[in-house]
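Engineer: all I have is the shape, not the residue letters:
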């Protein structure tokens, strides 16, 4: 009879072993599974911070949208029928959709952006079909679709891979994040804190108990220094050119920054996939912010850097002259000037943008000095503007004399970004203080001030350069701008490259007490006259609208 | 004395457990069900005391009559039974229902006891067709019940009756080869039997073999039972605090899966306490078996031991996911009048000193 007892004891052991396995070893798993049954999180989405322009105009804001969601993986037949009828898709499709996206603790979205009619319909039916809920969420709305694109960027919903990470931890809510521009760089400020209601439900999804509520928090508003009115004028002045207009004050505050071609940010948020694909694959690279990420040879604009250096190092004085016969012989090679200028001093050389003068100056300064001043004026590093930025390219290592001659007129192994040129203009205009270009006026309650850094460059040297730039407008290369009667100082540049040359003009005004700085670049825009024409159009537009005096 | 303590504790567990298992239902349903359960337990205790204390019970003489009466009831069921969920298993009697298949378990124990008692007591009478009288005739007696129950249909009980007979035969000092022969025969027939089962019965077996096929269908209840047990942990979630049991995720809480409710609310410790109680009960029955004077009494004890342990382990292994869902009640703990009363009667007979 003990045999029977042993069999019974063995059966008890088997039962106890299994019980141990379930209750002790796998306790955590089954605890999670039991919570997955009865606990639901209803997300309360927060509003992303707004983006405003300098005058307080809304550039980007969150608008309410409503999504249809289900909060059970297992819908009743009635609910399935109802959904199939109202959404006009088959029951199998609904089931597949739920299977694909189901996350036990959170509602699964079946349809986004409900119309008013649909919201009403589903809200009315929420109590009859407890699995169905209408969820409020937010979507980004841009009030200017194209003119701010490169500055603002856009938001995207988190990619599926990132969502999966959230799923694994179960408790976080899928979020949006900025993908470019201000939206990306200041994402942590703009980003709202999402809230959640944690509820306990029974098998029929009746709410038994509210376990916890976490209220959502709005993201911080960001105000830009940019002005929509200026931005509009700049955008239309650029016409169909590929290029950049930057306009700001001499302390580095940027009032307008436009890069063309542009793209429609709203369509990126709306996930217009065809459009997005077209933009992504376009040869013109519309997504590139040419003002901060585009790198170009500076052309004659770079002659200003040589001028600053040569004057500062006392290598030349205002009275020193070089003779321009239209060409410059170096060894067996001939370097050409674009005209025959005769005797040139520094002021007339800047005014006429005389290459021969600067070939001589370049050789006199040598590689070391040229690079020293290019570095000092910020061409070796990023300017620090709050946007995606490249730092350009300065040569290092050995340079042949030919290379030095090329660099002296801003050609060859040197590349700069338009925002670096903007910084250079600010430097000359505000008597030798280095600025950090900025576009953020305010984040939340914190106001931003210009950052100025003094340099050792003597004021009188810069006065000489200013005079040259003024002459360039009065009767030199940028003569077109004189008609504006704004007392502009400017320097043009025609940067050679394998294709059509890039066309530059940059400057500031008024001459006596500079206030504003501008940079215009046309990518493959031809002669610098074209850039001057665009600058003329832009500044004239501002003047006509009374935006500047 | 010891059996009283054991049974009182089991009864207490039964009350606590059913209170918790029924409490999700509406007040009305809860009150009616729980009151009924208390009535079953009380009446059960009266039966237990009656069958334990009574002297000249004449069970031996009545066993043949009871056997044929049960056959009659099982047949009448097809004509006068009440249809619930596609099966005819109950006679309706006022507010109570009576389930003859439960009675058949008691009848079978008594009738087989009667049969083997005679066979073992008087070898000379039966030496002629040994195998027939040892094995095939008792198998035939069992099969009558089994077949009648099968067509109700109630596959679980039907198989349980056959299994019960095989086990009793296994424990008796007879040659084993007819049983082995039959089992081999059974295995060969298995595909044929399977194809004649109802779809939901086939489904249960398939899901048991591979629970991944339909996690929200037939495997759903087993999964929910396992979740309930596992989430109880070491000490359980506490009385009326089990989310699986109290929020209606666990189906069949007061019947098939009552053990899962206990495990969820009282944990590993509570479950082991329950195991101890049942182990002690089985031990007491076994001791009674050893102390019995007649073959008839010994047969009843053996039958009761197999009956209780079979129900206990099948139900618990089902809750633990080790067996498919067959719907056998857990003795004294699952809600249900017929099996509760019959279990109390059987236990009374086991501990009757005068039998």
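Structural biologist: Alright, I've got the coordinates. What you are looking at is a predicted structure, and each value in this text was computed from that prediction instead of being measured.
Engineer: surely residue B:305 meets residue B:290?
Structural biologist: No. Checked against CB atoms under 8 Å, the pair residue B:305 and residue B:290 is beyond contact range at 11.4 Å. For glycine as for every other residue, the C-beta is placed from the backbone atoms N, C-alpha and C.
Engineer: ok, these two, which is more surrounded?
Structural biologist: residue B:305 (26 against 9; other CB atoms under 10 Å in any protein chain shown).
Engineer: next structured bit after the helix or strand containing that one?
Structural biologist: Applying DSSP states H and E as the criterion places residue B:305 in helix B:295-319. Using DSSP H and E, the helix or strand that follows helix B:295-319 in sequence is helix B:337-350.
Engineer: so which bits of the stretch 51-200 of chain B are right by chain A?
Structural biologist: residue B:171 (CB under 8 Å from any CB of the partner chain).
Engineer: switch the cut-off to 10 Å
Structural biologist: The stretch 51-200 of chain B has residues B:167, B:171 near chain A, with proximity defined as CB under 10 Å from any CB of the partner chain.
Engineer: okay, helices next: where are they in the stretch 51-200 of chain B?
Structural biologist: Under the criterion DSSP state H, counting those that start in this stretch, helices of the stretch 51-200 of chain B are mapped to B:59-80, B:100-121, B:123-126, B:130-131, B:137-150, B:155-171, B:177-195, B:199-209.
Engineer: now for the residue nearest the centre of chain B: which residues touch it?
Structural biologist: Centroid-nearest residue in chain B: residue B:311, 4.1 Å away (criterion: CA atoms, centre = their mean). Taking CB atoms under 10 Å, 6 or more residues apart in numbering or on different chains, we find residue B:311 in contact with B:105, B:160, B:164, B:328-332, B:334, B:339, B:343.
Engineer: same question for residue A:536.
Structural biologist: A:237, A:478, A:480-484, A:488, A:505, A:520.
Engineer: return the list of helices and strands in contact with the lengthiest helix in chain B.
Structural biologist: The longest helix of chain B (DSSP state H) is helix B:258-291. Applying 3 or more CB pairs under 10 Å, 6 or more residues apart in numbering or on different chains; DSSP states H and E, one finds that helix B:258-291 contacts helix A:2-20, helix A:27-38, helix B:2-22, helix B:219-232, helix B:243-246, helix B:295-319, helix B:337-350.
Engineer: buried set for it?
Structural biologist: B:258-268, B:270-272, B:274-275, B:277-286, B:288-289 (16 or more other CB atoms under 10 Å in any protein chain shown).
Engineer: and the angle from that helix to helix B:219-232?
Structural biologist: Between helix B:258-291 and helix B:219-232, the angle comes out at 80 degrees (axes from the mean of the first three to the mean of the last three CA atoms, to 10 degrees).
Engineer: in TSV, list the contacts of residue A:536 along with neighbour count, secondary structure and pLDDT.
Structural biologist: Shown next, in TSV, are the contacts of residue A:536 (neighbours: other CB atoms under 10 Å in any protein chain shown; DSSP: H, G, I helix; E, B strand; the rest coil; pLDDT from 0 to 100):
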residue	neighbour count	secondary structure	pLDDT
A:237	23	helix	94
A:478	29	coil	91
A:480	18	helix	92
A:481	26	helix	93
A:482	18	helix	92
A:483	10	helix	92
A:484	17	helix	90
A:488	26	coil	94
A:505	33	strand	96
A:520	34	strand	96
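Engineer: what about the residue nearest to residue A:176 when sequence neighbours are not counted, distance to chain B?
Structural biologist: Spatial nearest neighbour of residue A:176, chain neighbours left out: residue A:155 (4.8 Å); criterion: CB to CB, 6 or more residues apart in numbering or on different chains. Residue A:155 sits 37 Å away from chain B, going by CB to the nearest CB, to the nearest Å.
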